[in-house]
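A.B. asks: structure for the following, please:
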Amino acid sequence: MDVIYVSVLVILVALFTFWIVLLRRVVPTNEVHIVQSGKRSISYGVGIESSSTKETDDQISAKGLNGNTYYEFPSWIPVIGVLVSKYPVSVFAEELIDYEAYDQGRLPFVIDVKAFFRISDSEIAARRVSSFSEMRSQLNAILQGCIRSILATNSIESIMQDRAKFGEAFTKEVDDNLKSWGVSTVKSVELMDIRDAKDSHVIKNIMDKKKSQIEMESRTEVAQNNKKAQIAEIEAQRETDVKKQEALQQVGLRTAEKEREVGIANEQATQVIAEQQKITKEKEMSILQVAQVNQAEIDKQVKIVEAEKEKATTVINAEAKKQTTVIDAEAQKQSALIKAEGEKASTVMIADGNFQSKTFEAKGIDAEGAAKANAEKLMQLASVEAEITLAEKIGNNESYQKYLVSLKQVEVMGSVGVEQAKALEKANVKVIANGASVNAGLNNVTDLFSSNGGTQLGAMLEALVQTDTGKAIMDKVTSTASRDKKES
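C.D. replies: Purely as a prediction, here's the structure:
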């Protein structure tokens, strides 16, 4: 039985201890708790230190050394039972939304107001109200009363125009009413909005009036500004025109002055140029006079020289004509001799050519007969061997080869002889052939038309000039050629 009693006792002690632990409270950092017991009220919260057990209640209350922990025993327990009121220490807001108010002329309107509060003395606040919700309803009623009393003494126009002033007035009125509540405002009470109440158009009419006034003032100001701008533009244009006219006047005066100076300078320059032209003309006339005198002297000397030249020329021409007549006669004589000799040589060359032609022709016939006999003999041989043999025989037959060469020579010599005869006949050249035969003499004649003949002819003329008679003949020939050239 003792064990049961002890066990029950231990359980009861444990339950009691657990219950005591459950009654322990720690105050949050943003709250203050007012604990009311039968003898006193104590505030607990952040920054409040625990009091010593030896201090009296008056000392603890004076110092505020209460701490932030306590035990919340139920109020029905005698002596130790408590009542707890919780209040925030942080800032809290209180608003009036769609609050209907009146101005001093009883014109209705609706406003929105917002205020921020904090509990400055929790014990006073706890003595005023039993809970924080009750405190908020009381603050709302105080806020309404203060605002209504202030707005009722002002016109709606002034309320709309100076909200900041009314916010300060609201704050001052509210602070005066909250001194005995342990609560204070944090910042100015703000008048958030003001608008027409239901079925009211007062504020709208005021705004329309204000808008029309602003528009009127704006249009008036714009008109005044436009007027001032136009006046300023007219004044500026007038000043500009005046300045332009003055500038044109100055430019005209300056232009006239410049033209006058330029005209004077041009006239002076023209006079100087005329004087210089006069001097230049005089110098030119002097030079021309000297040139004419010199030219006359030159013409005189030229005419004298030309007369002397004509005189000498006449003498020379007469002498040349005399020499030319002698040379022409001598040349005609020599030409007749050369022509006769040429005709003689031509006749001899033709006769000799015919003789050589007939001789070679007879030899050719003889050779041709022998060749035909041999050919008939060889035709009996086989065709291939006959051709080879014929080729060999022709190659070895010197007589036949000579016949072919002689025949070609006869043809060539005949043509050459004929052409030489024709050339000599037209050239009136007489050739005296001193060769052993007519052919040899004729061959020497052809040297006249070769480089060898030309060289020999030059040597002959050089030897002729070395004699007195030859020199006289050459002088006549050259003087005659010079006269013919001049006449041509």
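A.B. asks: buried sites along stretch 112-121?
C.D. replies: Going by neighbour count (16 or more other CB atoms under 10 Å), the buried part of stretch 112-121 is V113, K114, A115, F117, I119, D121. All C-beta atoms are positioned from the backbone trio N, CA, C, and that covers glycine.
A.B. asks: just those residues now: which is nearest I156?
C.D. replies: Using CB to CB, V113 comes nearest to I156 of those, at 15.5 Å.
A.B. asks: and the closest one, what are its bridge partners?
C.D. replies: Beta-bridge partners recorded for V113 (DSSP bridges): L96, L191.
A.B. asks: related to what we said a few turns ago, and which of the buried residues of stretch 112-121 is nearest S218?
C.D. replies: V113 (32.9 Å).
A.B. asks: hmm, A93 and that closest one touching each other?
C.D. replies: No. V113 is beyond contact range of A93, at 10.7 Å (criterion: CB atoms under 8 Å).
A.B. asks: in space, what's closest to W181 - neighbours in sequence excluded?
C.D. replies: For W181, ignoring the flanking residues on the chain, the nearest one in space by CB to CB, 6 or more residues apart in numbering is R128 at 5.4 Å.
A.B. asks: quick one, what contacts the one you found?
C.D. replies: Neighbouring residues of R128 by CB atoms under 8 Å, 6 or more residues apart in numbering: M135, Q138, S180, W181, G182.
A.B. asks: of the buried residues of stretch 112-121, which pair is most distant in space?
C.D. replies: Greatest spatial distance in the buried residues of stretch 112-121: V113 and D121, 24.7 Å, computed using CB to CB.
A.B. asks: name the helix or strand of the protein that has the lowest mean pLDDT.
C.D. replies: The weakest-scoring helix or strand in the chain, judged by mean pLDDT, DSSP states H and E, is helix 57-63 (a mean of 48).
A.B. asks: check which helix or strand covers F109.
C.D. replies: strand 108-119 (DSSP states H and E).
A.B. asks: returning to what we had before: for the buried residues of stretch 112-121, which one is nearest T467?
C.D. replies: Nearest member of the buried residues of stretch 112-121 to T467, counting by CB to CB, is K114, at 163.8 Å.
A.B. asks: quick one: the closest one and G167, what's the gap?
C.D. replies: Distance check for K114 against G167: by CB to CB, to the nearest Å, it reads 10 Å.
A.B. asks: quickly list what's touching both of these two.
C.D. replies: Common contact partners of K114 and G167 (CB under 8 Å, 6+ apart): V189, E190.
A.B. asks: show me the contacts for the nearest residue to I97 once chain neighbours are set aside.
C.D. replies: What sits nearest to I97 in space, not counting adjacent residues and going by CB to CB, 6+ apart, is D112, at 5.5 Å. Going by CB under 8 Å, 6+ apart, D112 touches E95, L96, I97, D98, Y99, L191, M192, D193, I194.
A.B. asks: can you pull the domain assignment for this structure?
C.D. replies: As given by automatic domain parsing, the domain ranges for the chain are 2-86, 91-200, 305-487.
A.B. asks: how far does the first one sit from its chain's centre?
C.D. replies: The reference is to domain 2-86. How far domain 2-86 lies from its chain's middle: 94 Å, per CA atoms, centre = their mean, to the nearest Å.
A.B. asks: over to stretch 97-110?
C.D. replies: Put simply, stretch 97-110 sits 76 Å off its chain's centre (CA atoms, centre = their mean).
A.B. asks: also stretch 272-284?
C.D. replies: Averaging C-alpha positions (CA atoms, centre = their mean) puts stretch 272-284 60 Å from its chain's average.
A.B. asks: got the buried residues for it?
C.D. replies: Neighbour-count burial for stretch 272-284 flags no residue at all (criterion: 16+ other CB under 10 Å).
A.B. asks: what's the answer for stretch 316-333, then?
C.D. replies: Buried residues in stretch 316-333, counting neighbours by 16+ other CB under 10 Å, are found at A320, Q323, T324, I327.
A.B. asks: would the last one count as being in a helix?
C.D. replies: Yes. With DSSP: H, G, I helix; E, B strand; the rest coil as the criterion, I327 is part of a helix.
A.B. asks: returning to what we had before: ok, the residue nearest to I97 to A126 distance?
C.D. replies: Relative to A126, and taking CB to CB, D112 is found at 31 Å.
A.B. asks: how many residues are close by the residue nearest to A197 when sequence neighbours are not counted?
C.D. replies: Nearest residue to A197, sequence neighbours excluded (CB to CB, 6+ apart): P108, at 4.2 Å. As a burial measure, P108 scores 16 neighbours (other CB atoms under 10 Å).
A.B. asks: do P74 as well
C.D. replies: The number of residues packed around P74, counting by other CB under 10 Å, is 10.
A.B. asks: can you tell me the SS state at it?
C.D. replies: Secondary structure assignment for P74 (three-state DSSP): coil.
A.B. asks: what segments of the stretch 151-300 of the chain are helices?
C.D. replies: 156-161, 163-178, 202-378 (DSSP state H, counting those that start in this stretch).
A.B. asks: closest one to R40 among the ones you listed?
C.D. replies: Proximity of the helices of the stretch 151-300 of the chain to R40 was assessed by CB to CB; the nearest stretch is helix 163-178, lying at 25.1 Å.
A.B. asks: quick check: buried residues in that closest one?
C.D. replies: Result for helix 163-178 [16+ other CB under 10 Å]: buried residues F166, G167, A169, F170, T171, E173, V174, L178.
A.B. asks: of those residues, which is the nearest to Q334?
C.D. replies: The closest of the buried residues of helix 163-178 to Q334 turns out to be G167 (CB to CB; 162.0 Å).
A.B. asks: who's in contact with that closest one?
C.D. replies: G167 touches S188, V189, E190, L191, counting by CB under 8 Å, 6+ apart.
A.B. asks: state the distance from it to R136.
C.D. replies: G167 is 21 Å from R136, by CB to CB.
A.B. asks: quick one, phi/psi of P74?
C.D. replies: For P74, the backbone dihedrals are phi -60, psi 140 (criterion: degrees, to the nearest 10).
A.B. asks: my guess is it meets L83, correct?
C.D. replies: No. Taking contacts as CB under 8 Å, P74 lies outside contact range of L83: 9.7 Å.
A.B. asks: and V32, what does it touch?
C.D. replies: By CB under 8 Å, 6+ apart, the residues touching V32 are S43, Y44, G45, K86, Y87, P88, V89, I119, S122.
A.B. asks: and the closest residue to it other than its chain neighbours, what does it touch?
C.D. replies: Closest residue to V32 apart from its sequence neighbours, by CB to CB, 6+ apart: G45 at 3.7 Å. With contact taken as CB under 8 Å, 6+ apart, G45 is in contact with V27, E31, V32, H33, N68, V89, S122.
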